[in-house]
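Chemist: A structural model of the following input is requested.
(one chain, ligands or ions: 1)
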Amino acid sequence: MRKYVIIGAQGSGKGTQSRLLVRDLDLVHISVGDIFRWHVQHHTKLGAQVRRTMSAGELVGDDLVESIVRERLAQHDWNYGFVIDGFPRNARQAEFFLESYDIDGVIHLDLPDSEVRRRVLARRLCARCGMDYNLIAHRPEVEGRCDVCGGELVSREDDTEEALAERLRLYHEKTDPIIELFGRKEFVFTIDARSDVHTIQQEIRTRLGLPDYTRP
Ligand code: AMP
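Modeler: Next up, the predicted model:
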């Protein structure tokens, strides 16, 4: 059983790296942000509760986040383990998590703020199938259209200059300190997130003592 947390600022590649890791190792990727986005897209009651907070780049309340995480992990569909992304984001969430689950490693993707801004403002998402694009590193073949399903490419509602400034501020204020908290109790592997996707994935595998990565 392997249980990892992946931490990093917006646009540091948490989602991409988690997906590559879970694909080969049969782990489950749990993204709290994706769970919330699903609820917003499907107009659920929870979606209505979190929509404004998310689009302003603020953090959803801890009680709600903790209950979502607890419920998701209670599904026990993670026989071989999980990679949790976007959680914990502050000291209280980290304490809740450490009390309830034993973690094998924390992957910390480190990216300077200037690069975060550059990447996030270039990020696009297919409105139909959810595929990620980036106008710098991963452009679609036809401008504004998804290569896979032809759906329209849009920006995430919280990928605006204003919301990003708030998300970065909160990241440094609330999330930076928990890396130290984890550092005392668990293994934290800080990885330079400026390299390319494949180099970072191999670095994660090496640092965590996992089988080598084979590029698709
Ligand atoms: P992400 O995709 O991880 O950037 O998350 C998108 C948004 O969901 C965040 O800006 C928050 O509004 C909310 N969110 C996700 N994870 C958490 C968390 N652990 N604590 C509070 N809010 C969260």
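
Chemist: assign a three-state SS to residue 213, would you?
Modeler: Three-state call for residue 213 (DSSP: H, G, I helix; E, B strand; the rest coil): coil.

Chemist: how about the residues of the chain near the ligand?
Modeler: 10, 32-33, 36, 53-54, 57-60, 65, 86-87, 89, 93, 158, 167 (CB under 6 Å from any ligand atom). C-beta: built from backbone N, CA, C; applies to glycine.

Chemist: show me the residues you listed that map onto helices.
Modeler: 32, 33, 36, 53, 54, 65, 93, 167 (DSSP state H).

Chemist: gap between the second one and residue 215?
Modeler: Using CB to CB, to the nearest Å, residue 33 is found at 27 Å from residue 215.

Chemist: quick check on those two: which one has the bigger neighbour count.
Modeler: Neighbours per residue, other CB atoms under 10 Å: of residue 33 and residue 215, the larger number sits with residue 33, 18 against 8.

Chemist: are any of the ones in helices among the residues of the chain next to the ligand buried, and which?
Modeler: Neighbour-count burial (16 or more other CB atoms under 10 Å) applied to those gives 32, 33, 36, 54, 65, 93, 167.

Chemist: closest to the ligand out of those residues?
Modeler: Set against the ligand, the nearest of those by CB to the nearest ligand atom is residue 33 (2.2 Å).

Chemist: tell me the pLDDT at the closest one?
Modeler: What the model reports as pLDDT for residue 33 is 93.

Chemist: who are the contact partners of the closest residue in space to residue 88 that isn't next to it in sequence?
Modeler: Leaving aside its chain neighbours, residue 88 sits nearest to residue 94 (4.1 Å; criterion: CB to CB, 6 or more residues apart in numbering). Going by CB atoms under 8 Å, 6 or more residues apart in numbering, residue 94 touches 88, 178, 181, 182.

Chemist: tell me who's in contact with the residue of the chain most remote from its centre.
Modeler: Centroid-distance maximum for the chain: residue 142 at 26.9 Å, with CA atoms, centre = their mean. Residue 142 sits next to no residue when contact means CB under 8 Å, 6+ apart.

Chemist: SS state for it?
Modeler: Quick answer, by three-state DSSP: residue 142 is coil.
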